[in-house]
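> With the input below, show me the fold.
(one chain, ligands or ions: 1)
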Amino acid sequence: MNARVLPDAEALARASAELVLEAEAAAGERFAICLTGGSTPQATHRLLASDEYRGRAHWSRWHVFLGDERRVPLDDPRSNYQNARESLLDHVPIPAGQIHPLTDADQYEGLLRAFFGEAPRFDLLMLGMGDDGHTASLFPGSVSLLEAERWVIAPPDVVQGMSRLTLTLPALDAARRTVFLVAGAAKSDAIRRISAGEQLPAGMVQGAEWLLDEAAATGLASA
Ligand code: 6PG
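Next comes the predicted model:
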């Protein structure tokens, strides 16, 4: 596992914000970033939108996509898009037409194919991991993990009472740079299992860098 360990959640947010700016610089005139849901990246978003960081990004170059979504109204507090708006998108001058909420699998697949062509090569794909090792809305044991053709699907799994939409492994694997943001002791067991080679969904994404806080990284030490 290509992992970097940060002392705490704040250091993790700072390291990930720097990584976003680095990926933006590497991308040039058009920066395609895919955001994720969950609580961990919200601190990164807030930092990027802060006075300290806002002036360092070239927001007009950003094209924003979502890696997964819960099938709730876009303004529902459980919507990943709504969370990204509150923590980042509403506070920075990204042209509205360059922000792409995920509301329908077929429509999103068409959008990605028109934007990228052959493969969805996000300049930066940000991902989180659940305690059970899921990432995006790809859950352990799900038939969704077998999807080999489609880039976006509506998986059959209903988790926490919500059906979802998600990018598939072939889509996630196409990114130029992929980073997992993982914090907290509750994640250490999944980190241990993945670093020991177990095929949990997050560990199945190819070529990812992992930013872990010390609590999550205790799993690495015992691997
Ligand atoms: C979702 C997310 C999901 C998330 C992980 C980690 O929509 O549920 O995209 O994959 O990234 O569950 O979430 P935390 O960062 O809150 O632990």
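
> For the rest of this, base every contact and every neighbour count on C-alpha atoms.
Noted.

> Pull the number of nearby residues for residue 28.
Using other C-alpha atoms under 10 Å, the number of residues around residue 28 comes to 11.

> mind checking the longest helix of this protein?
Taking DSSP state H as the criterion, the chain has its longest helix at helix 9-27.

> Flag every residue of the protein that's near the ligand.
Taking C-alpha under 6 Å from any ligand atom as the criterion, the chain approaches the ligand at residues 36-40, 68-69, 127-130, 135-137.

> Spell out the residue ranges of the strands in this structure.
2-6, 31-35, 62-66, 68-70, 99-100, 124-127, 152-153, 164-167, 178-182, 209-213 (DSSP state E).

> Just name the most buried of those.
Highest mean neighbour count among those (mean count of other C-alpha atoms under 10 Å): strand 68-70, with a mean of 27.

> can you list the residues that contact that strand?
If you take C-alpha atoms under 8 Å, 6 or more residues apart in numbering as the criterion, strand 68-70 is touched by 36-37, 78-81, 102-103, 136-137, 162-167.

> Rank the helices and strands of the protein by mean pLDDT and give me the bottom one.
Counting by mean pLDDT, DSSP states H and E, the chain has its least confident helix or strand at helix 214-221, which shows a mean of 88.

> follow-up on the earlier one: would you list the strands of the chain in TSV and tack on distance to residue 199 and mean pLDDT?
Shown next, in TSV, are the strands of the chain (distance: least, C-alpha to C-alpha, whole Å; pLDDT from 0 to 100):
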stretch	distance to residue 199	mean pLDDT
strand 2-6	16	96
strand 31-35	23	98
strand 62-66	24	98
strand 68-70	20	95
strand 99-100	30	98
strand 124-127	17	98
strand 152-153	21	98
strand 164-167	18	96
strand 178-182	16	98
strand 209-213	16	97
